[in-house]
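[1] here is a sequence together with a model predicted from it:
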Amino acid sequence: MKKNLSHKETMAIERVKMPEQDPRQRSRNFQEVNLGLTKQQAMREAQRCLQCKSQPCVEGCPVRVRIPEFLEAVAEDNMPLAAHILLADNTLPAVCGRVCPQEEQCEIVCVRSAKSGPVAIGYLERYVADWAMQNPDKLLKQDRPEPSGKTVAVVGSGPAGLTMAGELAHLGHQVTIFEALHETGGVLRYGIPEFRLPKDIVDAEVDRLKKIGVTIECNVIIGKTLTLDDLIRQFDAVFIGNGAGLPMMLNIEGENLKGVFSANEYLTRVNLMGAWRDDLPTPIIQGRRVVVIGGGNTAMDAVRTARRLGAERAIILYRRSEAEMPARDEEIKHAKEEGIEFILLAAPLEVLGDDKGWVNGLRCQRMKLGEPDASGRRRPQPIEGDTFLLEADVVVNAIGTRPNPLLTSTAPNLGLSAKGNIATDENGATSIPGVFAGGDIVRGGATVILAMGDGKKAAAAIDNYLRKPS
Amino acid sequence: MFEVLENDTLAPNVHRLVVRAPRIAKARKPGQFVIVHPQKGGERIPLTIADADPEDGTITLFVQAIGASTLKITGTPPGSSLLDIAGPLGKETDIENWGRVVCVGGGVGTAVLYPQAKALADAGNEVTTIIGGRSAPFIILAEELGRFSREVLITTEDGSLGKQGFVTNALQELIDDPLRCPQAIFAVGPVPMMRAVCELSRPYGIKTIVSLNPIMIDGTGMCGGCRVSIAGETKFACVDGPEFDGHQVDFALLMDRLTMYRDQEARLVEDLPESLKGKITKVKK
């Protein structure tokens, strides 16, 4: 491949298309939907980067990956260098390359967006991260940091906690992660399905952290097994990244019928407990007609999971229109290709059941959009008298989560917001000196990459805190 | 990994395990439970912590084998380990000095009751214990409970030990006796038993606390699978319980939700080798 392209030649390259599993086939299996770029595709796509001076993409990335630098290395077929740059800036690149909303972050600001579409930064991140995983012997040596002699406890092994651990380990601090569940990864493990994020990718990213000296203890629930005070006594600093956790209920009649799940339970059964696999005993109700309530990424994950478990009809029920859906465009597109039906501008009024206590339908209210609310999205309003029935043998509630009080209720000195989230300054510092927090426990339900951005920012703040002469 | 130090059979398919879990032993309060995940790929099973020794760093669990995963737990010999144990979870028993209390245990629920009864006695309550079971071999912990109970009343369905009948018969006798009538009742056992105790005590207005056992996954409030209806409001048994005011519990809903995976569970049991099928107890739900 020609190395130095003219500006005209560069501009002539069209954005690469991600090779995907055929929708008819993939809607019946749990294998990954996106298949990844070939080396040729990756190098050619990386050549589309104009290496502009302003680097808006770096500004758009919550963890500030040096994107043009790693793209240049890819374009020049120098994968070891590309991996070296990417791994230095991002603790979980193989995860981010799959689940980050790049179209709202690094790619939306790409100077090539206007004409032929932005450089496919996300696809390239995934390519390089996967290459690094497959070629551990070719990776450039990272300098071993001087041990600082300081210890940090991290609560939760989700995206915020793993990023925090990686950053601090690279700075020479001794990190111990405490995870409540029996496996690592938090939402990456229990929430995001195999077909979007294979669990061996999570394993590989976690293993890399263990290799650089991070200790992970599962089955430790902070607030129960140990308290925040215990951690403050035993460690030099603490980071809390324990997630949002508690499902919001619909608070309508019939919600406790059999066959009605929170998205957390539905996805945890399938993902963490492996109900999708034939070789594991975890039971799940395989609905023939599944209705998922909500319009976020979690709703898309749940409805696409239902389809793969064999649902003849898998339906999204959302109270606003498609334009207001918080889910990524790619998730909505993939869902539609897989035959997911969308019933928009409708909200559940009541869950209906049979005489044996099983759900058999929903009574729904048609909605229209009114004035914008606090979130800037147009507020849904009921159309009086316009209701309809929807048949369903499984209903999944994916309307959102609220903060889990398990830890905060046992830490009276920790300042909280009115909604029960942990209050922090812009660097993640809480009301207790040496205690930092980030991710969904601070933000409410947000994304993997924002949690990682919090972890990275707070890591710098913790490093400062630890190096301050006391 | 959590090493099993002791594993005794107390009643048919009911085992008492002493397990090394120092952090849990230290943090645990009466009424709390753990989630045991015996092996990779297995289910997560909630089990009440019957006792804990913070100095030795051990906890005591009582387990009834009712399916593949509980069978794996009861089948773990001393010296071997259980893969994951998380806890202590749930709220601790609200121990007050009620005066006279009756503690009612049914089947393996008697083991769950034991730490509560002991804590109530330690708090100065006069404790009377009623233990019920199918037949004599299913009556457990009578001697241990007798150490701090004013009296221990036993009922069996077949009359092979104590009085023939149900725990409610014995409870009715106590309520009818002004000198033995309790100010509070603690009941742990099969759902139909707890419901019957609550229905009996309701007209007398005697506070009745029950410990609920819905299906759970994480035990930390995350999944909402264990939701129960308390005074018409949805609560999560794992974080809001497991103990609730029995007069406010919707028992019909609890029983119904416990049957959610009955068909799948039956198939799993069906797939067990013949040699193991005798080692589990079929539970009516």
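    Received the coordinates, thanks. Numbering: from 1, shown residues only, chains lettered A, B, ... in the order given.
[2] show me the shaky parts of chain B.
    B:282-285 (pLDDT under 70).
[3] buried ones in the longest helix anywhere in it?
    Secondary structure of chain B per DSSP state H: the longest helix is helix B:109-122. Neighbour-count burial for helix B:109-122, with 16 or more other CB atoms under 10 Å in any protein chain shown as criterion, is recorded at B:109-121. C-betas here are computed from N, CA, C, even on glycine.
[4] also stretch B:183-191?
    Buried residues in stretch B:183-191 (16+ other CB under 10 Å): B:184-191.
[5] what about those, which are in helices?
    Short answer: these in helices (DSSP H) are B:Val191.
[6] nearest to chain A among the buried residues of stretch B:183-191?
    Set against chain A, the nearest of these by CB to the nearest CB is B:Val191 (14.2 Å).
[7] where's that closest one relative to B:Thr259, distance?
    11 Å (CB to CB, to the nearest Å).
[8] just checking, what packs against whichever helix or strand comes after the longest helix of chain B?
    Next helix or strand after helix B:109-122 toward the C-terminus (DSSP states H and E): strand B:126-133. Secondary-structure packing of strand B:126-133 (3 or more CB pairs under 8 Å, 6 or more residues apart in numbering or on different chains; DSSP states H and E): strand B:100-106, helix B:109-122, helix B:142-146, strand B:151-156, helix B:167-176.
[9] figure out which of those is closest to A:Leu257.
    helix B:109-122 (26.8 Å; CB to CB).
[10] got the CA coordinates for that closest one in PDB?
    In PDB, the C-alpha atoms belonging to helix B:109-122 read as follows (Å, rounded to 0.1, in the frame of the first residue of the first chain):
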ATOM      1  CA  GLY B 109     -36.400 -22.500  58.800                       C
ATOM      2  CA  THR B 110     -35.700 -23.600  62.300                       C
ATOM      3  CA  ALA B 111     -32.000 -23.000  61.600                       C
ATOM      4  CA  VAL B 112     -32.700 -19.500  60.300                       C
ATOM      5  CA  LEU B 113     -34.700 -18.900  63.400                       C
ATOM      6  CA  TYR B 114     -32.000 -20.000  65.800                       C
ATOM      7  CA  PRO B 115     -29.800 -16.800  65.700                       C
ATOM      8  CA  GLN B 116     -32.900 -14.600  66.100                       C
ATOM      9  CA  ALA B 117     -34.200 -16.600  69.000                       C
ATOM     10  CA  LYS B 118     -30.800 -16.500  70.700                       C
ATOM     11  CA  ALA B 119     -30.500 -12.700  70.200                       C
ATOM     12  CA  LEU B 120     -34.000 -12.200  71.500                       C
ATOM     13  CA  ALA B 121     -33.200 -14.300  74.600                       C
ATOM     14  CA  ASP B 122     -29.900 -12.300  75.100                       C
END
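[11] can you tell me what sits against it?
    Contact with helix B:109-122 is made by B:10, B:14, B:16, B:30-31, B:48-51, B:62, B:93, B:95, B:98, B:101, B:103-105, B:127, B:129, B:131, B:133, B:139-141, B:144-145, B:148-149, B:186-190, B:193, B:211, as judged by CB atoms under 8 Å, 6 or more residues apart in numbering or on different chains.
[12] give me that answer again for 6 Å
    Here helix B:109-122 makes contact (CB atoms under 6 Å, 6 or more residues apart in numbering or on different chains) with B:30, B:48, B:50, B:62, B:93, B:95, B:101, B:103, B:105, B:127, B:131, B:140-141, B:148, B:186, B:188-189, B:211.
[13] filter those residues to the buried ones?
    By 16+ other CB under 10 Å, the contacts of helix B:109-122 give B:30, B:48, B:50, B:62, B:93, B:95, B:101, B:103, B:105, B:127, B:131, B:140-141, B:186, B:188-189, B:211 as buried.
[14] what's the closest of the buried residues of helix B:109-122 to chain A?
    Minimum distance to chain A across the buried residues of helix B:109-122 is 16.9 Å, recorded for B:Pro115 (CB to the nearest CB).
[15] do you know how far that closest one is from A:Leu162?
    Taking CB to CB, one finds B:Pro115 at 37 Å from A:Leu162.
[16] B:Pro242 too?
    32 Å.
[17] the two: who's more crowded?
    A:Leu162 (31 against 27; other CB atoms under 10 Å in any protein chain shown).
[18] tell me the SS of the more buried one?
    helix (DSSP: H, G, I helix; E, B strand; the rest coil).
[19] swap in the one 3 residues further on?
    Under three-state DSSP, the three-state class of A:Ala165 is helix.
[20] so it touches A:Thr176, yeah?
    No. With contact defined as CB atoms under 6 Å, A:Ala165 and A:Thr176 do not form a contacting pair (8.7 Å).
[21] could you pull out the strands in the stretch 1-150 of chain B for me?
    For the stretch 1-150 of chain B, applying DSSP state E, counting those that start in this stretch gives strands covering B:2-11, B:14-20, B:33-37, B:45-53, B:58-64, B:81-82, B:84-89, B:100-106, B:126-133.
[22] quick one: closest of these to A:Arg307.
    That would be, of the strands of the stretch 1-150 of chain B and by CB to CB, strand B:33-37, which comes in at 28.7 Å.
[23] just to revisit the earlier point, of the buried residues of stretch B:183-191, which belong to strands?
    B:184-188 (DSSP state E).
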